[in-house]
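In: When you get a sec, could you give me coordinates for this:
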Amino acid sequence: MINIQNTALLSLVKDELENTIRELEAHLEAFADEREDRSHLQFCVDTYHQLNGVFQLVGLPGASMLAGELEEASKYIPLKSSQALDEDLTLLGTATTILARYLSYVHITQKPLPQLLIPSINDLRVLRGERLIPDCTFFTYNHHSGIGSLVAEQDPSGVTPSLDQSKLDFNFARLRHMYQVGLLSVFQSKEPWAGLKMMTRAIQRISKLTQGEVSYPFWRLVDGVLCGFQEGNVSLNRERKIMLGQVDRQIKLQLLQQTSDSGQAPSELVKSCVYILTLAEGSIELITDLKENLELAPQSYSDVTVQAELHYMTGPDGSVINAVVTALKEELSQIKEWIDLAVRGKNVESYESLEAKLLKIGQTLYMVGLPKISEQIKSQVEKLSRSNSEDDTALTFEYDEVAEMLVKIENAAVSLMTEGAKKEQIDDSDIMSNKHVALSVLEQVNGIVVKESRAGLTLTKRAIMTYIDSEWDIMHLDNVPTTLNSVCGALGFLKLDRAALILTSCQTFIKDCLLSSAEGHPDPEILETLADALSSVDYYLESLEEKKPIGDGMLDVAEESMNELGFPVKAA
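Out: Below you'll find the model as predicted:
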C-alpha cells in the first residue's frame, strides 16, 4: 500500500521523538497545575515547532501538519478564558497522545496513512476558530481532463429539451429545498439514510435538468458520492457533512446562474467528491462507471479499511500490544515445555495446570479482540478435560491437536503486532491454521538468513582487501563468486530480489574483470566503487537485521556504483 521509503528515516529517530513527546506531555501537565508559569507552555510551542520540521524531513505530512496545529493551538491557549482553558488543555493533550500513537502505528505497520490524523487536526482548528480541512487533503488527483470526461458525446436528439427560464428557476428552487430538507436530516439524525435518499432524489433531478450543460458532470459526480454513502460503505463524518453543505451552495449558485465561467465547481469540492468515490466498496454500476471515466487508479484501501486502521491506531498503543504478545509467548513456551516432557514420558504437572494455562491465554485473546480463537481454545480445554476424566493414568490428550492450536495462537500473537487493524482476519481460524509454520519461527529463520548473508558479504570484502594487500594475487578471489552466489540464493529466499540482482552483477564483475582479466592490477578507484556497492547492500541488510529499515536508498547507491563499473543491474 505504502512504500517503506516513507518510514525509513522514522525508524532512525523514533526513540528520540517518543522521548520528546513524553517531555511535552509532562510540560502540559505542569502548565495545567501552574497556569501562571507560562514557561511550560512556551516549551511546548518551541518543541511542537521542532517536531513539525522533523516530520517534514522524514516525509510524514500528516504528522507535520498535526504538529503545526499543536504549535498554533499552544500559542492561542493563553488568549482563552480560564473557564475554557481546561477543555483546551485536554484537547491539546489528547492530540499529543494521538501523535505518539501515530508514530507507533507507522513504525509497526509501515503504513503512514496521513488521513488518520485529519480528525485530530480539525479538532485543533475548531479550537482556534479556523476553517476545517477536507478529508481529501492528502489525496492526489491530477486527471488531465477534469470531470468533463464523465459525459459521453451526446446525440442532440437525446438531450433533454430545454425548459423556459422561469420554469427552470422554479424547479431548481424546489429541488434545492428538497436537498436542504434531506441535508438537515443528515446533520441532525443518527440514522441519515432517509435524508440521503431525499438528497439523492434532488441531485438526480438536477442532473436531468442540466443535461447538456457544462455543470452536468458535477451533478453526476455528486450522485455517485451519495451512492457511495448509501451503498459503498462510506461513513459520514464531520468533514464529509460539511462537503455536502458545500454542494447545497453550488445548487444555489446554479439557481442564481452565478456558476464560474467554466461552469465547474470549486476544484477542492470536486477533489473531495472524487476521493469519496475511491473509498467506496462493491461493484456499484454508477460508481464503477465514474471511476473508469475519471481514470482513477485502483485504491488498495476502502473507507472501511481506513476506519479499521484508525480504530487500531487509537486503541491500545504499540507498547501495550507488545507487552501482551510477550506475555503470550512466555505462556506458550511453558506449555510447549510441558508437552515435550509429557510426550517423552517424563513427570509433569497435572492436566489441570495445562488447562489453566490454555484458558488464561484464551481469556487474553478474547480481551484483545480475538473471540473465535478464544472459543476454540476453550473447546480444546473441554476436550482435554473429558479425555483426562476417562483415564487418569494414561497420556490421553491428542498431541497433534494441541500442537496445531499452539501454532495458531502463536501466529495470532505475532500478527497482532503487525496487522492489528485486521483482527477479523487474524481471528479467522482457517487463515491462522493454514500457516502451518509459526510466524515467530519464520521471523527467526529470516533473522538467521540475514545474518549469514551479511557474513558472506564480510568474507567477500575481506577477500578483496587481501587481494589488494597481496599485490593482486587472484588466488584470494577464487571463492568469492561461490560465496556471492550463496548470498544471492539466501536473499532470493527472503524475497529481496533487488539486492540479490545487485550482488549478481558484483559476481559477474569479479569473474570478468578480476579473475579472467589478462590486464595487470586494476585501478584502485574501480575496486573502491565495487566496495561501495557491496557495502551499500551490507548496510541495507544490517538495517533489516536490527529491524530499523532504511528504505531502498542504499540499493539505489549500489546500482549506481555497478552502472559506473559498466555492469548495470537487471530489473527485478
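In: Give the burial count for Glu331, as a bare number.
Out: 17 (other C-beta atoms under 10 Å). For every residue, glycine as well, the C-beta is placed using N, CA and C.
In: Ile361 is in contact with that one, correct?
Out: Yes: between Glu331 and Ile361 a contact is recorded at 5.4 Å, counting by C-beta atoms under 8 Å.
In: Mind checking what helix or strand follows the helix or strand of the chain with the lowest mean pLDDT in sequence?
Out: Least confident element among the helices and strands of the chain, by mean pLDDT, DSSP states H and E: helix 429-434 (a mean of 48). Downstream of helix 429-434, the next assigned helix or strand under DSSP states H and E is helix 439-469.
In: Check which helices and strands that next one is in contact with.
Out: Counting contacts by 3 or more C-beta pairs under 8 Å, 6 or more residues apart in numbering; DSSP states H and E, helix 439-469 packs against helix 399-418, helix 480-493, helix 524-545.
In: Okay, buried residues for it please.
Out: Using 16 or more other C-beta atoms under 10 Å as the burial criterion, the residues of helix 439-469 that qualify are 439-440, 449-450, 453-454, 456-457, 459-461, 463-464, 467.
In: Could you list the low-pLDDT ranges of the stretch 51-200 of the chain?
Out: Where the stretch 51-200 of the chain drops to pLDDT under 70, the residues are 78-84, 142-169.
In: if we can go back for a sec, list just the nearest of the buried residues of helix 439-469 to Val214.
Out: Nearest to Val214 out of the buried residues of helix 439-469 is Leu439 (C-beta to C-beta; 56.0 Å).
In: pLDDT wise, what is the closest one at?
Out: Per-residue confidence (pLDDT) for Leu439: 56.
In: returning to that earlier point: of the buried residues of helix 439-469, which is the nearest to Thr326?
Out: Ser440 (11.5 Å).
In: All the helices of the stretch 1-150 of the chain, residue numbers only.
Out: Listed in chain order, the helices of the stretch 1-150 of the chain (DSSP state H, counting those that start in this stretch) span 8-33, 39-58, 61-76, 82-109, 118-127.
In: Save those as a markdown table, and put in distance to Pro481 and mean neighbour count too.
Out: Compiled in a markdown table, the helices of the stretch 1-150 of the chain are given as follows (distance: least, C-beta to C-beta, whole Å; neighbours: other C-beta atoms under 10 Å):
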| stretch | distance to Pro481 | mean neighbour count |
| --- | --- | --- |
| helix 8-33 | 31 | 16 |
| helix 39-58 | 39 | 17 |
| helix 61-76 | 45 | 22 |
| helix 82-109 | 39 | 18 |
| helix 118-127 | 53 | 20 |
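In: Quick one: neighbours of the residue nearest to Lys511 when sequence neighbours are not counted, just the number.
Out: Excluding the flanking residues, the one nearest Lys511 by C-beta to C-beta, 6 or more residues apart in numbering is Pro481, at 5.6 Å. Using other C-beta under 10 Å, Pro481 has 17 neighbouring residues.
In: Might you report the residue contacts of Pro481?
Out: Gln507, Ile510, Lys511, Leu515 (C-beta atoms under 8 Å, 6 or more residues apart in numbering).
In: top of those by neighbour count?
Out: Those, ranked by neighbours (other C-beta under 10 Å): first place Ile510, 22 neighbours.
In: pretty sure that residue contacts Val480?
Out: Yes: Ile510 sits in contact with Val480 when judged by C-beta under 8 Å, with a separation of 5.5 Å.
In: Domain ranges for this structure, per the record?
Out: What automatic domain parsing lists as the domains of the chain is 4-127, 148-309, 316-436, 440-564.
In: what's the closest of these to Thr137?
Out: domain 4-127 (6.5 Å).
In: Go ahead and flag the most central residue of this structure.
Out: Centroid-nearest residue in the chain: Lys111, 2.5 Å away (criterion: C-alpha atoms, centre = their mean).
In: Assess the claim that that one and Glu309 are in contact.
Out: Yes: between Lys111 and Glu309 there is a contact under C-beta under 8 Å: 7.1 Å.
In: what residues are up against Leu365?
Out: So Leu365 contacts Leu328, Pro371, Ile373, Ser374, Ile377, Ile409, Ala412 (C-beta under 8 Å, 6+ apart).
In: Check the secondary structure at it for me.
Out: helix (DSSP: H, G, I helix; E, B strand; the rest coil).
In: Please renumber the chain so that the first residue is 24 from this point on.
Out: Sure, I'll start counting at 24 from here, so that last one is Leu388.
In: For Glu354, see how far away it is.
Out: 11 Å (C-beta to C-beta, to the nearest Å).
In: Next: Ile432.
Out: 9 Å.
In: Next, show the common contact partners of the two.
Out: The contact lists of Ile432 and Glu354 share Ile384, where a contact means C-beta under 8 Å, 6+ apart.
In: And for the residue lying closest to Thr552 once chain neighbours are set aside, the neighbour number?
Out: Leaving out its chain neighbours, the residue that sits closest to Thr552 by C-beta to C-beta, 6+ apart is Ser584, at 5.1 Å. Look at Ser584: counted by other C-beta under 10 Å, it has 24 neighbours.
In: what about Ser584, helix or strand, and which?
Out: Going by DSSP H and E, Ser584 is part of helix 576-587.
In: I would like the residues contacting that helix, please.
Out: Residues outside helix 576-587 that contact it (C-beta under 8 Å, 6+ apart): 28, 31, 521-522, 525, 528-529, 532, 552-553, 555-557, 559-560, 562-563, 566, 591-592.
In: Which positions within it qualify as buried?
Out: Met577, Leu578, Val580, Ala581, Glu582, Glu583, Ser584, Met585.
In: can you tell me which of these lies nearest to Phe78?
Out: Nearest member of these to Phe78, counting by C-beta to C-beta, is Met577, at 22.5 Å.
In: how far away is the closest one from Leu519?
Out: For Met577, the distance to Leu519 - C-beta to C-beta - is 12 Å.
In: could you pull out the helices for the stretch 174-323 of the chain?
Out: Taking DSSP H, counting those that start in this stretch, the helices of the stretch 174-323 of the chain run over residues 188-211, 216-232, 239-254, 261-278, 290-302, 308-316.
In: Rebuild those as a markdown table, extending it with mean neighbour count.
Out: Formatted as a markdown table, these follow (neighbours: other C-beta atoms under 10 Å):
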| stretch | mean neighbour count |
| --- | --- |
| helix 188-211 | 16 |
| helix 216-232 | 19 |
| helix 239-254 | 23 |
| helix 261-278 | 18 |
| helix 290-302 | 21 |
| helix 308-316 | 17 |
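In: Of all those, which one is nearest Glu41?
Out: Comparing the helices of the stretch 174-323 of the chain by their distance to Glu41 (C-beta to C-beta), the top pick is helix 261-278, with 28.8 Å.
In: Show me how far that closest one is from its chain's centre.
Out: The chain centre lies 31 Å from the centre of helix 261-278; the measure is C-alpha atoms, centre = their mean, to the nearest Å.
In: mean confidence for it?
Out: Mean predicted confidence for helix 261-278 is 92.
In: do the same with stretch 33-41
Out: Rounded mean pLDDT across stretch 33-41 is 83.
In: rewinding a little: adding distance to Thr328, write the helices of the stretch 24-173 of the chain out as CSV.
Out: Formatted as CSV, those follow (distance: least, C-beta to C-beta, whole Å):
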stretch, distance to Thr328
helix 31-56, 22
helix 62-81, 24
helix 84-99, 16
helix 105-132, 12
helix 141-150, 15
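In: Indicate which one of those helices is closest to Ile358.
Out: Using C-beta to C-beta, the helices of the stretch 24-173 of the chain put helix 105-132 closest to Ile358, at 26.3 Å.
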